[in-house]
Structure formats: C-alpha cells, structure tokens
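> here's a sequence, model it:
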Amino acid sequence: MTAVADQKKRRLLLASDRSDQSSELADILQSVGEVESISTSEIPETPSRQVSGIVVDINLRSSESVQRVRAKLRGEAYRSMPRLFVLADALHHASMQAWALGATDTISRPLDAAAILQRVRSAFPDSASYDATDRGRALNRGVEAAHAVIVKIFERLPTGEPLTFDDIVQAEGKIIKAIKHTSLREWLTTVGCHHVESYRHCLFVTGFAVAFAQSLDMREDDQRRLVRAALLHDVGKAFIPVAILDKPGALSEEEIKEIRQHPRRGYEALAAQGGFPVEMLDVVLHHHEFLDGTGYPNGLSGNQISDIVRLTTIADIYAALVEKRAYRLPFTHARAFALMEAMTGKLDQQLLQAFRPVAFSAC
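Below you'll find the predicted structure:
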C-alpha cells in the first residue's frame, strides 16, 4: 500500500506538550495518515468520528500534563479508540503509568520509524468511513459468531452432534473484524456478561488471542489460525461434568484428575471426527503444557511445544486470572501479568513481554 493511499484512509490526532509539537513524530506518522497536531489542552471532549486514533506524546513526570490527559481520555468517546502513548524511556514505571492513563499501546524514544508505522498500521482502523454504527455492528456479529461456535462445543458436541472445521471457519472472519475495528476492551466487556463461566472463558481467550495476533502484525491467515486454536482450545471441557466445571469451591483431588482429562478428551473427539488441522489438535491437546516439563497431559518441554501452543497458553492463563470466578474475585491486570512473569521457566517470556500491551489494553 502506498503512502498516498494510507493518507486517504487514516486521520490521526497527535496530542503533545513538547515545545516542537513532536514534529519528528508527526513527520513519521504522515506516511500512514493525515495528522492533526494539537496541544494536550486542545484534546477535544468528543473527537470526530473520522479520527482513527490518538497518539499522545507527553512528559509523564509532569503531574499537570498527566492530569490534563487523564481528564480528557477518561470520557466514553475515547474508550474504544486506539491510544498510542510515547514514552521518554522504556522504564517499567513509565509504561505502567501510560497504561493507567488508558494507553492501548506504547512506543519509546529514540523513535524507530519502522516500528511506529507497523504499530499504527496494525492497531489503527484504516478507514475513515468506519463509524460507530459499523463498529457496533461488527462487534455484535463477531460475538454472535463466536458464541454460536461455543454453543456447538458445549451443548451439541456431547450429544453426538458433530462440530466441523467449517463451523470454525465461518466464524473466524467476523471475530477478527470485530476486534480489529472496535477494541479488545469492548469485546471483553460484551462477552464478560455471559453467565456461563466456561463459555465466557473461551470467549475471553479468543479475544486475547486475536488481539495478540493483531498486535504482532500477523498476516490474516495467521490470525485465522490463532482464532481457530483459541475457540477450540477447551473443547474437551464439553465432556467434563458441569458440576465440576461450575463448582464454587476448591476441587477435590479426584475432581482435579477429572478436569485434567479435558485436553485429551477434546483431542480424541476431534481426531476421531476428522477434518481438523494438525495444529488445532496440537493446541487442544497441549495448551496446559509448560516449557519446564511440569504441564499436562504429556509433560512436554522446550522445543516440543509449538509457537501456536505457546501463544494460546499465554492467552488462556491470562484470561483465567482476570476473569471473575465463583470462588474468587478477578485479579487486576497488573497483578495477573506479574503472576505470569513469576512463572519463570514455564512460559515463553519473550512472547509474554510481547503480550504486555495487549494485557494492559484491556484495563
């Protein structure tokens, strides 16, 4: 895609409190869109619906700037809009402060033009005509498509009604479009209202997995692969008694043994039915494996665990931590991510750090 074509498709707000109005950054952004540079005091209460997203370049050590931006961005009008914050450095506390202000992604100085453009192309909608009505419609269609698959998994599959690969393929495009053109936060808010915990978890994992793929600027084919894996990863729970899945208290040793059978039962059901790609079966069987060999059911380790399984496992664990459960309140996003960072040797830490912007964009 040419720079001219990009410019016709994106309108970006660049809010800055720097004396040069972030001219270097503006020059970079102009190659992917039309840039309107404003001071942080000029951030509108309600941006034009043609605005694709806002880039915020402020001094996070200035309480005045922070308060000004917080007051502007906490409004409903910015809740679903991509918000890219520029950090003066890559220090952890600076990025955490940006997430607290509502960042959906961050970049750091010194500015890397190629990296910035990749982030913008990946995260910011590429059509100025994609208005709020279209966004809501895309979100609803995506959630409905995902929900239809989950219903087939948990209600029909146990009765012997087959789940086909085509069922997944028909849903994946709508799900990808929903998260691309709205936001992960909107997806989680919508599916988080589901009263069935197992359904809600699968929908959460799907949202996190798709947002992760898009943040990594994966090709659409690879995004589709990850959607399929996430939707199906817990298919084996369809064969676990509901009394165990929905138990409000701690599981007994026998119940833990039972629930740990779900990866193998899901794998065997889909393998016997046929028609599912090997990598999808790999995720279904191995999404509870850890790099140090302590996972189940096969105790795989290191290079025995594929990349798509590693990605799905991160989304699966994070979703479980930030969800409300019958026996506990949800962990905060910061606490959940810290717990996963502490899983030294078990998770792919490089992938986990790449997941950080996705995790905190859901705050």
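> any idea how the chain splits into domains?
3-123, 132-361 (automatic domain parsing).
> can you redo these as a markdown table with mean pLDDT and mean neighbour count?
Placement of C-beta: from N, CA and C, glycine included. Shown next, in a markdown table, are the domains of the chain (pLDDT from 0 to 100; neighbours: other Cβ atoms under 10 Å):
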| stretch | mean pLDDT | mean neighbour count |
| --- | --- | --- |
| domain 3-123 | 80 | 17 |
| domain 132-361 | 90 | 18 |
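> what helix or strand does residue 176 sit in?
Here residue 176 sits within helix 165-181, counting by DSSP states H and E.
> with only the CA atoms kept, save that helix in CSV.
C-alpha atoms of helix 165-181 as CSV (Å, rounded to 0.1, in the frame of the first residue of the first chain):
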residue,chain,number,x,y,z
PHE,A,165,-14.0,-27.3,10.7
ASP,A,166,-16.3,-25.3,8.6
ASP,A,167,-18.2,-24.2,11.7
ILE,A,168,-15.0,-22.6,12.9
VAL,A,169,-14.1,-21.1,9.5
GLN,A,170,-17.4,-19.4,9.2
ALA,A,171,-16.9,-17.6,12.4
GLU,A,172,-13.3,-16.6,12.3
GLY,A,173,-13.5,-13.6,9.9
LYS,A,174,-16.3,-11.9,11.9
ILE,A,175,-14.3,-12.3,15.1
ILE,A,176,-11.1,-10.8,13.5
LYS,A,177,-13.1,-7.9,12.1
ALA,A,178,-14.9,-7.3,15.4
ILE,A,179,-11.6,-6.8,17.4
LYS,A,180,-9.8,-5.0,14.6
HIS,A,181,-12.5,-2.4,14.2
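> that one: what's the following helix or strand?
Past helix 165-181, the next helix or strand by DSSP H and E is helix 184-191.
> ok, back up a step: who are the packing partners of the helix holding residue 176?
Helices and strands touching helix 165-181, by 3 or more Cβ pairs under 8 Å, 6 or more residues apart in numbering; DSSP states H and E, are helix 132-151, helix 197-215, helix 220-232.
> the inter-axis angle of it versus helix 132-151?
Calculated by axes from the mean of the first three to the mean of the last three Cα atoms, to 10 degrees, helix 165-181 forms an angle of 150 degrees with helix 132-151.
> ok, which stretches of the stretch 201-350 of the chain are helices?
Along the stretch 201-350 of the chain, the segments classed as helices by DSSP state H, counting those that start in this stretch run 220-232, 242-245, 253-259, 262-273, 278-286, 307-322, 333-341, 349-361.
> mind listing residues that contact the second one?
Contact with helix 242-245 is made by 197-198, 237, 251, 255, 258-259, as judged by Cβ atoms under 8 Å, 6 or more residues apart in numbering.
> picking that back up, which of the helices of the stretch 201-350 of the chain sits closest to residue 101?
helix 349-361 (10.7 Å; Cβ to Cβ).
> and the gap between residue 226 and residue 285?
Using Cβ to Cβ, to the nearest Å, one gets 17 Å for the distance from residue 226 to residue 285.
> about what we covered before: same list, the helices and strands packed on helix 165-181, but as CSV with distance to residue 280 please.
As requested, these are exported to CSV (distance: least, Cβ to Cβ, whole Å):
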stretch, distance to residue 280
helix 132-151, 13
helix 197-215, 13
helix 220-232, 5
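> of all these, which lies closest to residue 354?
Closest approach to residue 354 among these is made by helix 197-215 (7.5 Å; Cβ to Cβ).
> tell me which strands and helices the closest one is in contact with?
Helix 197-215 packs on helix 113-123, helix 132-151, helix 165-181, helix 184-191, helix 220-232, helix 307-322, helix 349-361, going by 3+ Cβ pairs under 8 Å, 6+ apart.
> got TSV for those helices, with distance to residue 28 too?
As requested, the helices and strands packed on helix 197-215 are arranged in TSV below (distance: least, Cβ to Cβ, whole Å):
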stretch	distance to residue 28
helix 113-123	5
helix 132-151	27
helix 165-181	22
helix 184-191	25
helix 220-232	25
helix 307-322	29
helix 349-361	19
